[in-house]
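[1] Turn this into a model:
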Amino acid sequence: MVVKSKRGRRRYIAFTTDSSTDEELLHSLGSALRGAGVTSYKLIQYDGRMGIVRVKGKDQKAAVEALRLPREGLRIATLAASGTLRTLRERFFPQR
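    Numbers count the residues shown, from 1 in each chain. The predicted model follows:
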């Protein structure tokens, strides 16, 4: 098991988009984040309208700024950032 101090902290960013397919979202997310220099990210959850992406702790600020910038294609708006996935899931993806 890798210790957090070696792996680095993770941060989770909740976002909302216009209705889109997974391919459109991955393309827009990838181009926005890579353009900001964020190379390590993972889409954790996406339901067609809202989602959560994981980034490294040191890349959180750059990732949030990159997702807020207007660009061609899919519009992405950030909702919140957190150090725990559970917090964002409780706030934005309540169990039915």
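[2] Show me the helices in this protein, by range?
    4-7, 22-35, 60-68, 85-92 (DSSP state H).
[3] Could you count how many residues lie near L74?
    Residue neighbour count, defined by other C-beta atoms under 10 Å, stands at 17 for L74. (Glycine included, C-beta is placed from N, CA and C.)
[4] now T87
    Using other C-beta under 10 Å, T87 is surrounded by 14 other residues.
[5] same deal with the one 3 residues further on?
    By the other C-beta under 10 Å criterion, the neighbourhood of E90 contains 12 residues.
[6] Got the confidence number for it?
    E90 is assigned 93 on the pLDDT scale.
[7] what does H27 give?
    86.
[8] wait, what's in contact with the closest residue to it other than its chain neighbours?
    Spatial nearest neighbour of H27, chain neighbours left out: G73 (7.5 Å); criterion: C-beta to C-beta, 6 or more residues apart in numbering. Listed by C-beta atoms under 8 Å, 6 or more residues apart in numbering, the contact partners of G73 are 24, 27-28.
[9] Just the buried ones from these?
    Buried by 16 or more other C-beta atoms under 10 Å: S28, out of those.
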